[in-house]
Each structure stands twice: as structure tokens, then as C-alpha cells.
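Visitor: From the sequence below, what's the structure:
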Amino acid sequence: MKAEEKILARRILEAGRGVSKEELLEMIPEDRDWAKELRSAGLDKVWELERSLAPVVAAMKARGFGVDLKKMDVLARSAEKNRRETEASVKKELGADLNPRSPKQVKEALEKRGLKLKSTDEVALVMSGDAAAELVLRSRTAEKRAQMIAAYREAVGPDGRIHAEFDPLGTATGRFSCREPNLQNVGRDVEMRSCFVAGPRRVLVIADYSQIELRVAAFLAKEEAMLAAFRSGRDIHALTAGKLAGKAVEKVSEEERKLAKAVNFGLLYGMSARGLAEYGRISFGLKLEEKEAREFRRKFFEAYPALQRWHDEARQAAGDSKVTEVRTLYGRRRWLPPPGGRMEWVRFTALVNTPVQGSCGDAIKRAMVALADAPLVSTVHDELILEVPGEEAAAMAERVIRVMREGFAGMVPEDLIEVAVRPAESWGG
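Guide: This is a model prediction of the structure:
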């Protein structure tokens, strides 16, 4: 094996053990039979996938993602203006000498107003419900966004494109990470996404697995109510909303559906009632109290008992010292830390997250390998983005849907997989 292949083999074998890529680069034993170890661990299939993926990822980086510099410059100026204004609002409320970036100063300033918090992290500020705390949050969000846009602007090369670094083994579950810059931080921000564009006479083909983690979890847990909803094309969030509110799906309001979306995604991996209340407020802007969250949690697991059993089995395994690893549906391995204390929560989270998120990661990697000859420009979570001549967009969209569904072959039945594809001039279009 070549040196880079030995590093790749070791990263696959050591996944979950907390060994950094840099440490792996420093110590590569020469006397190990890597191929034999991969075979005996049942990881030879994962090895072949990662080895086939490497040139696809290298080509994607070299190709880069086009940027509308004028639009990004306008957005950068707007974001910087918003940063200054929100910082000024905080200083007007809490004191002109305050440094909003200092947790200590912010904590002391809020205490002078009668608001005592253990910390000034996002959860504490959001759950306080205080107007001044909300201003601090807005200022931090504005600063983070301004810095992010500035980093993207700085990363644009002479060719007008960003050539980000994608690491296929950058997370413990086996999903991609991205840096220099991290395009995953763009999230669903339409303004930022709109800065990423196709070149002249070209179109972006943007493909995304639909609600894929819920679908895979329902399959793993054998949750028939969810599986039936997915197979019949019903709205899973409206279905859950009806179960939570005790009403027919067609009578569910938009606010009830939004609440159900938070409950579906929040409780999927075993979130507590308090965690759900915090998640609902932070991610969905819901005024959700812990008592309400506890009741919604009870109703959710009454409606989906197989998910509850799946979690119970994972909790039992989390406390069992004989359980040392967890696998994806494709066979990728993640080592688990020994049980005891807070490690049992870490183990439980890995036992439910990895088979879902890791399997999704394996599927999208298989799709990328199948698209090795296609002009991929980025991948973010469960999304693939390609840049093709306008006249080829329709054919490429059909092909991408097919290969992304085939990515789950042998793991999850095809009738559970849904891929949404759209052609657009920009990522946000």
C-alpha cells in the first residue's frame, strides 16, 4: 500500500477512537498487514468505497464552486452593517463599555439587571426569555454571520471559485466534514446560498435526500406507522402533529406542524424533555416550556412505540461493557468508549446516531462514486450539487435521482427513499 492508502486504512480501522488525522500522519507502522486487518474486521467493502471516493473528492475540490463576487460583496457589507448595529444595541442596553464578546462582562451586566445565569451560552440566553439576553444573542449571531461571509469571500480563488477541503472521514459517523472554508456552515441561509452560482450557460443541479434520517431511523426501529406514512407519500410532520394535538391531519395548523417537526427531529435521537424545549426554542423559535415538552415526548412515543423500543435497546447496550462498537447498515465501524458515568450517554448517542447518520453518509458516498464522471461541485450533509450545461440539466437530474436512490441498495428499501432535485442558477435558487 502507498502511504496515503495506509493512512486511509488506519482511519477506517480506528474510527471513533479519537485519534486525529494529524496523529495518524505522524505514526504509520510499517509492519502491519492493513488489507488483512480490514478483511478480518469486515471493513474491506468500506475500504473499497473510500478508496474509490478519493479521486472523486479530489476532482470536486479542483473543480470548485462558483461565486457571484458582486452579490457576496453586497452581502458582506450588509452583514457587517448589521453586526455594528446589533452590537450598538447591546451596548445601549447594557452599557457603552461592555464587550459583547466577553461572557464574563455580559454575565455581570445581566446580573445588574436582575437576571442571574449560570452561563451566557446560547441555551441559557434563549431559555431566559429576557429582552437584553435576546439582544446579546442577535449580536453574536450577526457577528458570526459577518465573519463567515468574510471567510467565504477571502477563500474565493483567482478563478472566481471556492475550492474547499472535503474530508470523507471527518466525522465519527463516517460523514463528510468541510474546511477552508466550511461550506456546511451556510446551512439554509438563502442569501448566502444565492452567492454560490453556476458559470455562464451552465446550471446547478441540486439534489437532496428528503427527510432521510427519519426514514432510515423508522426502518431500523421497524416503526410501522412512520414507514406506512413514508411509503404512501404522507406528510410525516403533519401526521405527528395530528397525533400530538389529537386531531385529524387535515385540520393541523402550520404552527402545530412546525412544533411536530421539532418533536420529530428532536426526539429521534432520544432528546430529554428539557433538551426538546431548548431545541424547539433555538432551532424553531417555539415558546415551548419543559412541562409541555414532557407531555409531547410522552405522546410521541405512544404514537411511535417501536422508536421507544429502539431507544431502550440502545440504552441497555450503552451500559453493557461487552458492546464495544456500532456499525452502519453498510458495515462501517465506530468504536465506542467504555461505559460509566457520562460515557453512557455518549455511547447511547453513538448507538442511535451512527446507524442512521453513518448509513446516510455511506449512501451518498456510493452515489458520488457512481457519479465519478459527473461535474460535482459540492456536497453538504445529504445534498449533492453538480454544475452542468443548461441543456444537460434534465438528464442529469434523472440520473442523480436514480444513483442517490441506488446508494441505499442493500441497506434500506428503495420505496422508502425520496430524492428532491431542482435545477437552479444559484444554490439558493
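Visitor: Let me know the helix or strand that residue 259 is in.
Guide: In this assignment (DSSP states H and E), residue 259 forms part of helix 254-267.
Visitor: Of all the residues in that helix, which ones are buried?
Guide: Burial within helix 254-267, assessed by neighbour count using 16 or more other CB atoms under 10 Å, is assigned to 256, 257, 258, 259, 260, 261, 262, 263, 264, 265, 266, 267. The way it works is simple: take the backbone N, C-alpha and C, and place the C-beta from them, glycine included.
Visitor: what's it in contact with?
Guide: Contact partners of helix 254-267, identified using CB atoms under 8 Å, 6 or more residues apart in numbering, comprise 213-214, 235-241, 244-245, 252, 275-276, 279-280, 283-284, 286, 288, 296-297, 300-301, 307.
Visitor: again with stretch 316-327
Guide: With contacts defined as CB under 8 Å, 6+ apart, stretch 316-327 is touched by 16, 333-336, 338-339, 344-345, 347-348, 350-351, 354-355.
Visitor: List the buried residues of that stretch.
Guide: Buried, per 16+ other CB under 10 Å, within stretch 316-327: 317, 318, 326, 327.
Visitor: which two from those residues end up farthest apart in space?
Guide: For the buried residues of stretch 316-327, the maximum inter-member distance is 15.4 Å, found between 318 and 327 (CB to CB).
Visitor: Could I get the full set of strands for the stretch 1-150 of the chain?
Guide: Counting by DSSP state E, counting those that start in this stretch, one finds strands in the stretch 1-150 of the chain at the ranges 65-66.
Visitor: Show me the shaky parts of it.
Guide: Along the stretch 1-150 of the chain, the model assigns pLDDT under 70 to residues 19-22, 24-29.
Visitor: Run through the helices of it in chain order.
Guide: Using DSSP state H, counting those that start in this stretch, the helices found in the stretch 1-150 of the chain span residues 3-14, 21-26, 34-40, 44-63, 69-94, 103-112, 122-128, 131-155.
Visitor: quick one, domains of the chain?
Guide: Domain ranges of the chain: 1-67+183-211+324-429, 69-155, 224-303, per automatic domain parsing.
Visitor: Looking at those, which is nearest to residue 164?
Guide: Per CB to CB, nearest to residue 164 of the domains of the chain: domain 1-67+183-211+324-429, 5.3 Å.
Visitor: picking up where we left off before, quick one: which of the helices of the stretch 1-150 of the chain is nearest residue 172?
Guide: Nearest to residue 172, of the helices of the stretch 1-150 of the chain and by CB to CB, is helix 3-14 at 10.7 Å.
Visitor: mind listing what's buried in that closest one?
Guide: Applying 16+ other CB under 10 Å to helix 3-14 flags 6, 7, 8, 9, 10, 11, 12, 13 as buried.
Visitor: hmm, back to that, give me the subset of the buried residues of stretch 316-327 that lies in helices.
Guide: Members of these lying in helices (criterion: DSSP state H): 317, 318.
Visitor: Can you tell me which of the buried residues of stretch 316-327 is nearest residue 389?
Guide: residue 327 (40.9 Å).
Visitor: Let me have the buried residues of helix 3-14 in a markdown table, extended by distance to residue 172.
Guide: Output for those, formatted as a markdown table (distance: CB to CB, whole Å):
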| residue | distance to residue 172 |
| --- | --- |
| 6 | 21 |
| 7 | 17 |
| 8 | 16 |
| 9 | 17 |
| 10 | 15 |
| 11 | 11 |
| 12 | 12 |
| 13 | 14 |
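Visitor: from the residues you listed, which single one is nearest residue 204?
Guide: Proximity of these to residue 204 (CB to CB) peaks at residue 8, which lies at 30.0 Å.
Visitor: Geometric centre of this structure: which residue is closest?
Guide: residue 381 (5.2 Å; CA atoms, centre = their mean).
Visitor: residues touching the residue nearest to residue 288 when sequence neighbours are not counted, list them.
Guide: Nearest non-adjacent residue to residue 288, counting by CB to CB, 6 or more residues apart in numbering: residue 280, 3.9 Å away. Residue 280 sits next to 259, 262, 263, 266, 286, 288, 293 when contact means CB under 8 Å, 6+ apart.
Visitor: Make JSON lines out of the buried residues of stretch 316-327 and add pLDDT.
Guide: Shown next, in JSON lines, are the buried residues of stretch 316-327 (pLDDT from 0 to 100):
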{"residue": "317", "pLDDT": "97"}
{"residue": "318", "pLDDT": "96"}
{"residue": "326", "pLDDT": "98"}
{"residue": "327", "pLDDT": "98"}
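Visitor: Low-confidence bits of the stretch 151-300 of the chain, can you list those?
Guide: Along the stretch 151-300 of the chain, no part satisfies pLDDT under 70.
Visitor: all helices of it, in order?
Guide: 190-193, 212-221, 224-232, 236-245, 254-267, 273-284, 290-303.
Visitor: Out of those helices, which is closest to residue 127?
Guide: helix 273-284 (6.1 Å).
Visitor: in that closest one, what counts as buried?
Guide: 273, 275, 276, 277, 278, 279, 280, 281, 282.
Visitor: just stretch 50-63 next, same as before
Guide: By neighbour count with 16+ other CB under 10 Å, stretch 50-63 contains the buried residues 50, 53, 56, 57, 60, 61, 63.
Visitor: what does stretch 178-185 give?
Guide: Buried residues in stretch 178-185, counted by 16+ other CB under 10 Å: 178, 181, 182, 183, 184.
Visitor: again, but for stretch 74-92
Guide: Buried residues in stretch 74-92 (16+ other CB under 10 Å): 75, 76, 79, 80, 82, 83, 86, 87, 89, 90, 91.
Visitor: how close does the nearest residue to the second one once chain neighbours are set aside get to residue 215?
Guide: What it means is residue 76. Distances taken as CB to CB, 6+ apart place residue 149 nearest to residue 76, at 4.8 Å, with adjacent residues excluded. Separation of residue 149 from residue 215 (CB to CB, to the nearest Å) stands at 33 Å.
Visitor: so can I have a markdown table of the domains of the chain showing distance to residue 313?
Guide: As requested, the domains of the chain are exported to a markdown table (distance: least, CB to CB, whole Å):
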| stretch | distance to residue 313 |
| --- | --- |
| domain 1-67+183-211+324-429 | 8 |
| domain 69-155 | 29 |
| domain 224-303 | 12 |
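Visitor: Go through the buried residues of helix 3-14 and name the one nearest residue 136.
Guide: Nearest to residue 136 out of the buried residues of helix 3-14 is residue 11 (CB to CB; 39.8 Å).
Visitor: coming back round to it: can you select the buried ones among the contacts of helix 254-267 for me in ChimeraX?
Guide: The following ChimeraX line selects those of the contacts of helix 254-267 that are buried, judged by 16+ other CB under 10 Å:
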select :213,214,236,237,238,239,240,241,244,245,252,275,276,279,280,286,288,296,297,300,301,307
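Visitor: Check what pLDDT residue 402 gets.
Guide: On the pLDDT scale, residue 402 is placed at 98.
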